[in-house]
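# I'd like to go over a predicted model; first the sequence, then the structure.
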Amino acid sequence: MTMSSNTVVCVALALLLSLTGSVGQQDVCGQNSLNTRIIGGGDAIEGFWPWQVGIYTSRSNTIVCGGSLINKDWVLTSAGCSNSINRPDIIIYLGRLKRFGPNTHEVNRTVSRVITHPNYNSSTFDNDIALLQLSSSVDFTAHIKPVCLAAAGSEFDEGIQSWVTGWGVTESYPFPDTLQEAEIPIVSNNNCSIVYNNRINITDNMMCAGLTDGAKGSCLYDNGGPLVTKQSSRWIQAGIVSGIVSEYCDGSLPSVFTRVSKYQDWINTQIVNNQPGFITFPYYNNNTLDTTSSIPHITDVPDVPDVTDVPDIFSGSSPSLHLFPFYLTFTIISLIFCP
């Protein structure tokens, strides 16, 4: 084989390895073996939310924001959070339950890179999303795992039950020691706008969840944390706690979140290798709604195009991809031709 053909083969194999590695992330994300099940919330149990991270600053000497682990190298958070802290000052805590130690299963990383969405508007909180690259990769454990992300086209109808987590302010404790969790229903953008009486503009890049009569929701210092919904055995992040919580945090209004599904292309543009696992919600298989997803109030399944059980490795919407044999084959070939 000539040097030129060797180069071509190596380049092709590199691309294939990158593809199989990125879609293979879907086999890891959103699984939580320890969880077989905030204002108005309660203490979380250790290991229930293994993607939850605490963003700590040495200047404040406390956790000031939340975030979610989306692969071994990257954390998803809000732009409002990333813009308010200095990179050398950040420590990311993973596997943490208590705001103050000890935390047996915890590891920490500094941040090597901060990417804030270029169209973030600090006045309206539109495009309130950012990525933090860890200084070094983390190993996945029962207490540290990535969450799946809602793929483009995902729809979260009003009433779907979701969970928000964080160390933010609560009614009982200004700074709770234990990670807090709260189960809250999705609120449609239209109804959310009505409740807020146009005090804020709920754009298509946002979503709402909570109770219109208050009692549960996110609050100050929950900013950047995840809103997740369970589908089958997978936890999918639907939203990111928006900086709007800093202004509306009395528990009387639904919480506002950045809609993750609107940013699949942007996230994949920033994270070239080992891309996060994106899964469409709700998931349909052969025109049938996955009845194990958390949407019990839907009785009429809309017409959707016929699909097969063959994974779509390009859309990132399949809930399970089994590409390890291909990955192994490509790896062996690359070792032979690309020393």
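Arrived safely. Nothing here was measured: the structure is a model prediction, and the numbers come from that model.
# Now do the buried residues in stretch 78-91.
For stretch 78-91, a neighbour-count test (16 or more other CB atoms under 10 Å) marks 78-82, 84-85, 90 as buried. No exception for glycine: its C-beta is placed from N, CA and C like everyone else's.
# same thing with stretch 111-123?
111, 114-117, 120.
# Distance to residue 208 and secondary structure added to the buried residues of stretch 78-91, as a markdown table?
Putting these into a markdown table (distance: CB to CB, whole Å; DSSP: H, G, I helix; E, B strand; the rest coil) gives the following:
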| residue | distance to residue 208 | secondary structure |
| --- | --- | --- |
| 78 | 15 | coil |
| 79 | 18 | helix |
| 80 | 17 | helix |
| 81 | 19 | helix |
| 82 | 22 | helix |
| 84 | 23 | coil |
| 85 | 26 | coil |
| 90 | 29 | strand |
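# what about the helices in the stretch 101-250 of the chain?
189-196 (DSSP state H, counting those that start in this stretch).
# Okay, residue 74 and residue 111: tell me how far apart.
Distance, residue 74 to residue 111, using CB to CB, to the nearest Å: 10 Å.
# residues shared between the contacts of the two?
132-134 (CB atoms under 8 Å, 6 or more residues apart in numbering).
# For those residues, pick the one with the most neighbours.
residue 132 (28 neighbours; other CB atoms under 10 Å).
# Excluding chain neighbours, what is closest to that one?
residue 75 (4.3 Å; CB to CB, 6 or more residues apart in numbering).
# burial count for that neighbour?
Residue 75 has 27 nearby residues by other CB under 10 Å.
# circling back to that earlier point, just the buried residues of stretch 78-91 now: which is nearest residue 183?
Among the buried residues of stretch 78-91, residue 78 lies closest to residue 183 (CB to CB), at 21.4 Å.
# OK, contacts around the closest one?
65, 128-130, 223-224, 240-243, 258.
# hmm, try it at 10 Å
When contacts are counted by CB atoms under 10 Å, 6 or more residues apart in numbering, residue 78 touches 55, 65-67, 84, 116-117, 120, 125, 128-130, 222-225, 240-245, 257-258.
# same check, this time on residue 29
The contact partners of residue 29, by CB under 10 Å, 6+ apart, come to 51, 69-71, 140, 145-149, 234-237, 276-279.
# if we go to 6 Å?
146-148, 277 (CB atoms under 6 Å, 6 or more residues apart in numbering).
# Nearest to residue 209 among these?
residue 147 (16.0 Å).
# Spatially nearest residue to that closest one (excluding sequence neighbours)?
residue 51 (3.8 Å).
# Quick one: residues contacting that neighbour.
68-69, 145-147.
# One more: residue 135?
By CB under 6 Å, 6+ apart, the neighbours of residue 135 are 109-110, 112.
# Over to residue 158?
186, 188.
# 7 Å - rerun?
186-188, 191 (CB atoms under 7 Å, 6 or more residues apart in numbering).
# Would you mark the buried spots in stretch 102-111?
Buried-residue list, stretch 102-111, by 16+ other CB under 10 Å: 103, 106, 108-109, 111.
# From the residues you listed, which one has the minimum pLDDT?
Of all the buried residues of stretch 102-111, residue 103 carries the smallest pLDDT score, 90.
# Spatially nearest residue to that one (excluding sequence neighbours)?
Closest to residue 103 by CB to CB, 6+ apart is residue 96, at 4.7 Å.
# Tell me which helix or strand that neighbour sits in.
Using DSSP states H and E, residue 96 is not contained in any helix or strand.
# Retrieve the pLDDT associated with it.
On the pLDDT scale, residue 96 gets 92.
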